[in-house]
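Participant: Show me how the following folds:
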Amino acid sequence: MNIPEGKKIYFASDNHLGAPTAEASRPREQKFVAWLDTIKSDAAAIFLLGDLFDFWFEYKTVVPKGFTRTLGKLAEISDSGIPIYFFVGNHDLWMNGYFEEELGIPVYHKPQEFTFNNKTFLIGHGDGLGPGDTGYKRMKKLFTNPFSKWLFRWLHPDIGVKLAQYMSVKNKLISGDEDAKFLGEANEWLVQYCKRKLETKHTDFFVFGHRHLPLEINLNKHSKYINLGDWIHYYTYGVFDGNHLIVKKYPEH
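Facilitator: Numbers count the residues shown, from 1 in each chain. As a prediction, the model looks like this:
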């Protein structure tokens with residue numbers, strides 16, 4: 001994709017809408033929708049890198065209640081012709097066609113490569129990548145197993161959603177608090193993942209979420225790792241103007 005003059009590509013991640021309660025997350029949702037309204041005038045494309053919802057599961061004929069403002073704004077932007085790309089996170093990985101059918105938004109379950117203005121990107125949520133974190137990787141295999149999803153689907157939504165929300169809120173990662181501390185490049189597994197990727201193929205920008213920390217790390221003279229932070233404490237997002245990718249805060253001060 002060549003970015004038209006005056007247009008930009010935007011990236012955001014980790015809203016965790018619905019946590020810790022629908023009422024408590026409503027102001028954050030309104031702020032996110034206001035940001036979407038702000039960027040739609042010059043957006044060439046929008047990338048949402050997962051954990052938009054703190055929990056999401058698509059039953060055959062049912063999706064979780066709520067998030068009307070966000071879904072309506074995404075539908076409006078998509079209908080206007082601005083492409084939106086969604087990457088599932090570890091909290092909303094049970095997507096199965098709703099975004100594609102209702103919003104016209106393609107959904108990806110693994111990192112994908114893109115090229116904009118001859119700059120190469122590897123984009124994804126970031127969970128389960130790199131060395132270590134074996135416990136989560138085993139859990140993810142269980143959660144994504146078709147039989148496990150089939151069993152969960154047999155729970156009445158009132159029970160299944162309530163149970164999943166309780167378990168999700170217990171996960172400290174959504175708080176952006178104790179778990180979200182910079183560990184140093186040598187101990188940041190996404191940094192290590194990117195460096196290993198560079199051993200076999202050049203990439204200009206690696207863009208991920210999941211860590212709840214806004215980070216910009218130069219991997220070498222020509223490659224950069226970006227973590228988008230979150231919309232719980234930081235309200236940060238990425239913007240690519242055709243040459244440079246930087247992390248900014250909404251609203252700007």
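
Participant: show me the contacts for I3.
Facilitator: Residues in contact with I3, defined by CB atoms under 8 Å, 6 or more residues apart in numbering, are I9, A44, F116, N117, F240, D241, G242. Where you see a C-beta, it was placed from the backbone N, CA and C, and this is true even at glycine.

Participant: Just the ones in strands from those residues, please.
Facilitator: If you go by DSSP state E, the contacts of I3 have I9, A44, F116, F240 in strands.

Participant: Which PyMOL command selects the buried ones in the contacts of I3?
Facilitator: Buried residues within these, by 16 or more other CB atoms under 10 Å, are selected in PyMOL with:
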select buried, resi 9+44+116+240+242
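
Participant: Which of the contacts of I3 lies at the shortest distance from T203?
Facilitator: F116 (12.3 Å; CB to CB).

Participant: I figured the closest one hits P4, correct?
Facilitator: No: in terms of CB atoms under 8 Å, F116 does not count as a neighbour of P4; the distance is 11.2 Å.

Participant: hang on, the earlier thing: the ones in strands among the contacts of I3 into CSV, with extra columns for pLDDT and distance to T70?
Facilitator: Shown next, in CSV, are those (pLDDT from 0 to 100; distance: CB to CB, whole Å):
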residue, pLDDT, distance to T70
I9, 98, 20
A44, 98, 21
F116, 97, 25
F240, 98, 23
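
Participant: can you redo those residues as JSON lines with distance to E252?
Facilitator: As requested, those are arranged in JSON lines below (distance: CB to CB, whole Å):
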{"residue": "I9", "distance to E252": "18"}
{"residue": "A44", "distance to E252": "20"}
{"residue": "F116", "distance to E252": "23"}
{"residue": "F240", "distance to E252": "17"}
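
Participant: Which of those sits closest to P64?
Facilitator: I9 (28.6 Å).

Participant: excluding its backbone neighbours, what's nearest that closest one?
Facilitator: F240 (4.4 Å; CB to CB, 6 or more residues apart in numbering).

Participant: Relative to the whole chain's centre, how far out is stretch 28-42?
Facilitator: Distance, stretch centre to chain centre, for stretch 28-42: 16 Å (CA atoms, centre = their mean, to the nearest Å).

Participant: what sits up against that stretch?
Facilitator: By CB under 8 Å, 6+ apart, stretch 28-42 touches 6-8, 10, 12, 15, 17, 46, 67, 69-70, 73-74, 77, 80, 82, 231-232, 235, 237, 250.
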